[in-house]
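> okay, sequence plus prediction incoming.
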Amino acid sequence: MTKRGYFDQFGGAYIPEILQATFKEVEKTFDSAKNDPGFWQEYLDIMSTYSCRPTPLTFAENLTAHFGGARIYVKREDLNHTGAHKANNVMGQGLLVRRMGKTRVIAETGAGQHGVATATMAAKFGFDCTIYMGEVDVERQRPNVFWMEQLGAEVVPVRNGTRILKDAMNEAFRDWATSMDNTHYVLGTACGAHPFPEMVTWFQSIIGTEAREQILAAEGKLPARVYACVGGGSNALGLFSGFLDDPVELVGVEAGGRGLDSGAHASRLASADASIGISQGYKTFFLQDDDGQMKETHSVAAGLDYVGVSPILAALSRQRRARFAAATDREVIDALSLTMKKEGIIPALESAHAFVQAFKEAPDLGPADSIIINQSGRGDKDIFTIADAFNDPSWKQFIIETAERYHA
């Protein structure tokens, strides 16, 4: 971080005057927590007793044999409570909310995992909870909407704009501007205005800290590379944080959608389609037109179609400390299918992007090398999207028959 809230030239806090005092309160509370060893211990305690940490590092023996190169390990964030890495951040922010004396939390969500995690945290701590979710994502992630509502959260479909993640974020900020006295916005990724990129990364760093210890115990040395999918960037930064000071290559994988030359993707750092801009409170690379208007994005994975990217990842890219690639929808489906059949592990569609690039590169490394893939979430939440992508006829018949029973 070059100056407060900036990473290289990226980051900052471009926020309206009405939110200045609220952001200062969050920053002050976060700084106090960072300097309090008791807070981090409280965080570790709740993550171990409530959220099943540490999550295991699984040696993918069959995939390693299949590709014949580096030894492949999978960091199992899918086994974290609520089925993804999102719990790491929301439980930490929940502790901050309690310190601030707030009684209500709001959040945005795309794939729904952050929404489920926030609703879970709210139930645990006794907060009122409202989740904003783009109408498109509500339709394709209905199981997660069901769980959010059963956990006691109000889910608000956002019908403005492109009706996906960036629009949900805009609605959450509108809510916060009118309810800041009793409400905290639990931003779900390492984006937004300072201190959120740093704060979310701090809570997610538990992934990398664990992974580093686990790989050293298993291999006796550091991995050659670590891979993570990149939407906003929280799971990638969580893993990368454990290896930033080591001679380990950091590889982030964005949504290549229908191809980088199609215009239907969400790749900010691995494509030439993004440019530096300021939106939603911070400066980074956005997929935007010449007038600064945000473009439509596409990904088979609802959690990766965000129009911007973490300012920390933008800085790491500029510094060439991290490398970024893109995986197409088709590659993602193929990697997901292979992983299920070879290892009995079902990655989320988001996580499967990281598997794609790791599979491409593992054969080029030797058997003395190891790599880590961050499985940021579980795939069972994506059953509707995955079954559709697989074009499974028995699933289609099941949906038709179920719809007929409801209609009757």
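Structure's in. What do you need? Computed from a predicted structure; not experimentally measured.
> in the sheet, who's paired with Leu57?
Lys75 (DSSP bridges).
> would you map the helices across the stretch 251-400 of the chain?
Secondary structure of the stretch 251-400 of the chain (DSSP state H, counting those that start in this stretch): helices at 311-318, 329-343, 349-361, 383-390, 393-407.
> which elements pack onto the first one?
Under the contact criterion of 3 or more C-beta pairs under 8 Å, 6 or more residues apart in numbering; DSSP states H and E, helix 311-318 touches strand 6-7, strand 10-11, helix 196-219, helix 234-240, strand 282-286, strand 322-328. Heads up, the C-betas are built off the backbone N, CA and C, glycines and all.
> got the contact list for it?
When contacts are defined by C-beta atoms under 8 Å, 6 or more residues apart in numbering, helix 311-318 is touched by residues 6-12, 190-191, 197-198, 201, 230, 233, 236-237, 240, 250, 252, 268-269, 282-285, 322-324.
> apply 6 Å and report the result again.
7-8, 10-11, 190, 197, 233, 237, 269, 282, 284-285, 322, 324 (C-beta atoms under 6 Å, 6 or more residues apart in numbering).
> got it, and the second one?
Helix 329-343 is contacted by residues 60, 62-63, 66, 257, 300, 345-347, 352-353, 355-356, 359, 389 when judged by C-beta under 6 Å, 6+ apart.
> quick one: closest of the helices and strands packed on helix 311-318 to Phe30.
Closest approach to Phe30 among the helices and strands packed on helix 311-318 (C-beta to C-beta): helix 196-219, 5.1 Å.
> which parts of the closest one are buried?
Of all the residues in helix 196-219, those buried under the rule 16 or more other C-beta atoms under 10 Å are 196-208, 210-212, 214-215, 219.
> and for stretch 315-325?
Neighbour counts over stretch 315-325 (16+ other C-beta under 10 Å) mark Ala315, Leu316, Ser317, Arg318, Ala322, Arg323, Phe324, Ala325 as buried.
> stretch 8-20: which residues count as buried?
Phe10, Gly11, Gly12, Ala13, Ile15, Leu19.
> out of the residues you listed, who's nearest Asp261?
The closest of the buried residues of stretch 8-20, once distances to Asp261 are taken by C-beta to C-beta, is Phe10, at 26.3 Å.
> my read: that closest one touches Tyr282, true?
No. Counting by C-beta atoms under 6 Å, Phe10 does not reach Tyr282; the two are 7.5 Å apart.
> what sits up against the least confident helix or strand in the chain by mean pLDDT?
None of the helices or strands of the chain scores lower by mean pLDDT, DSSP states H and E than helix 383-390, at a mean of 83. For helix 383-390, the external contacting residues (C-beta under 6 Å, 6+ apart) are Arg140, Ile333, Trp395.
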